[in-house]
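> Dropping a prediction and its sequence here:
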Amino acid sequence: GRSSIAFGCGLTRGGMASDPEPSLASLAMEAFVDDDFACAFELYTKVVEASPENASSWIHRSATLLKLARPTEALEDAKQAVALAPGNAKAHMRKGMALFELGRTNDARQSFLKARELDPMPRQLLQWLGKCGEGEISASDDDEKKPDASDTKPVTYAHQWYQSTTHVTLEIMARNIDAKDCLFDVTKDSVSVKIASSRFALSLTLFGEIDPARCTFSAAPSKLECRLMKSEPVQWTGLTIGERNGATQPLNFSDPSKPGGDAYPSSKAGYATKKITDWDKLESELTKEEEEEKPEGDAALNKLFRDIYGKADEETRRAMNKSFQESGGTVLSTNWSEIGAKKTEVQAPTGMEEKKYEL
């Protein structure tokens, strides 16, 4: 099995026990990919502090701030990236994304167009330009006005959706709408959103069932977001019941509560002779093999450290993390009362001496 050593924010980093200095940027990216955006922000802040002249660091932290719904700070980081690297397309695109989230659509469009001049190919950039094009109603964001409630014709807004195993997220692309002006209502199989000022109304009978008590609604400068908690971990093949295409129920994910578990559907499930692979059973067999495996050398040492860390209390884990990081990987202590009181110095192995390098 793959060995790993624990560092801050609950992250783990694969590698040998002799790795002296983990890559902070790699840990930050790992946290970002795992959707641990608070931890990613903390780590990218350290990266920025260590290399303030590196535009890439500001670009990544800007992306993290956008995920944390902090567009004003994201814009400042993106501006810093543009100042450091005016020829970097990603810096301009990140600036445009932050401006869009702040409701400054025309300013965002200008940033996206600049990014397109530098790199015309990225699909994500074209998608953002499309979003800006749909919202164009004037030459300046200062001229944008909310729809008048006295208009006889109701306003329509585009909506989109995406899902995870546990949630469905419905986004309504309505800008500069106050949450207090909205009526959000859910039942176990439906959702409706109404905006009083624009007479907008959206009512959907959903593909599957949801838990109304665990659904949330929020308003951002660029959109309204409905986060719907699924009643069970199922994969929806559409947003509404009309998209079932004859199916009587959603496709279930593997359910460990059922004897033997569910097998994942095969892409050729229509053929009666096609044998379906039971992935849960296969995974349990691999896990059992890993547990029975007897590692040697560095792998055995890493497993020992991992076992100690996994069974340790919070203070012991803090002691292990602090001593390992501060000593450059030369000390690993479980005594927090000793380690917590002072900085852990580097202890070079017998016959070797510590050398410090300036980068």
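That came through fine. Numbering: from 1, shown residues only.

> okay, CA-based contacts and neighbour counts for the rest of this
OK.

> Let me see the ranges of the strands in the stretch 1-150 of the chain.
In the stretch 1-150 of the chain, the segments counted as strands under DSSP state E, counting those that start in this stretch are 4-6, 12-14.

> Mean pLDDT lowest where, among these?
Sorting these by mean pLDDT places strand 4-6 lowest, at a mean of 41.

> Can you name the residues that contact T72?
Residues near T72 by Cα atoms under 8 Å, 6 or more residues apart in numbering: A98, L102.

> low pLDDT regions in the stretch 201-350 of the chain?
Along the stretch 201-350 of the chain, segments meeting pLDDT under 70 span 244-278, 290-301.

> how about the strands in it?
Counting by DSSP E, counting those that start in this stretch, the strands of the stretch 201-350 of the chain are 216-220, 223-229, 234-235, 251-252.

> nearest to I195, of those?
strand 223-229 (10.3 Å; Cα to Cα).

> what number of residues lie near N88?
Residues within reach of N88, counting by other Cα atoms under 10 Å, total 19.

> sorry, that was for E353
Using other Cα under 10 Å, E353 is surrounded by 9 other residues.

> Would you mind writing the CA trace of stretch 183-193 as PDB?
Presented in PDB, the C-alpha positions along stretch 183-193 are these (Å, rounded to 0.1, in the frame of the first residue of the first chain):
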ATOM      1  CA  LEU A 183     -39.100  33.000  -1.700                       C
ATOM      2  CA  PHE A 184     -37.500  29.500  -1.500                       C
ATOM      3  CA  ASP A 185     -39.700  26.500  -1.000                       C
ATOM      4  CA  VAL A 186     -38.900  22.800  -1.100                       C
ATOM      5  CA  THR A 187     -40.800  19.500  -0.500                       C
ATOM      6  CA  LYS A 188     -39.400  16.000  -0.700                       C
ATOM      7  CA  ASP A 189     -39.700  16.000  -4.500                       C
ATOM      8  CA  SER A 190     -39.900  19.600  -5.600                       C
ATOM      9  CA  VAL A 191     -38.200  23.000  -5.400                       C
ATOM     10  CA  SER A 192     -39.500  26.500  -6.200                       C
ATOM     11  CA  VAL A 193     -37.900  29.900  -6.300                       C
END
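
> Now do stretch 208-215: everything it contacts.
So stretch 208-215 is contacted by 186-190, 226-232, 236, 240-241, 249-250 (Cα under 8 Å, 6+ apart).

> how does it look with 7 Å?
When contacts are defined by Cα atoms under 7 Å, 6 or more residues apart in numbering, stretch 208-215 is touched by residues V186, T187, K188, D189, R227, L228, M229, K230, S231, P250.

> now stretch 29-43
C9, L24, A28, R61, T64, K67, L68.

> possible to save the residues you listed as CSV with distance to F305 and neighbour count?
Listed next are those as CSV, based on distance: Cα to Cα, whole Å; neighbours: other Cα atoms under 10 Å:
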residue, distance to F305, neighbour count
C9, 18, 15
L24, 21, 14
A28, 23, 27
R61, 32, 26
T64, 31, 26
K67, 34, 17
L68, 33, 14
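
> pretty sure N335 is touching A319, no?
Yes: applying Cα atoms under 7 Å, one finds N335 in contact with A319, separated by 6.0 Å.

> Comparing these two, which residue is more hemmed in?
A direct count of neighbours by other Cα under 10 Å for N335 and A319 places A319 higher, at 19 against 15.

> and stretch 63-77, how far apart are its ends?
The first and final residues of stretch 63-77 sit 9 Å from each other (Cα to Cα, to the nearest Å).
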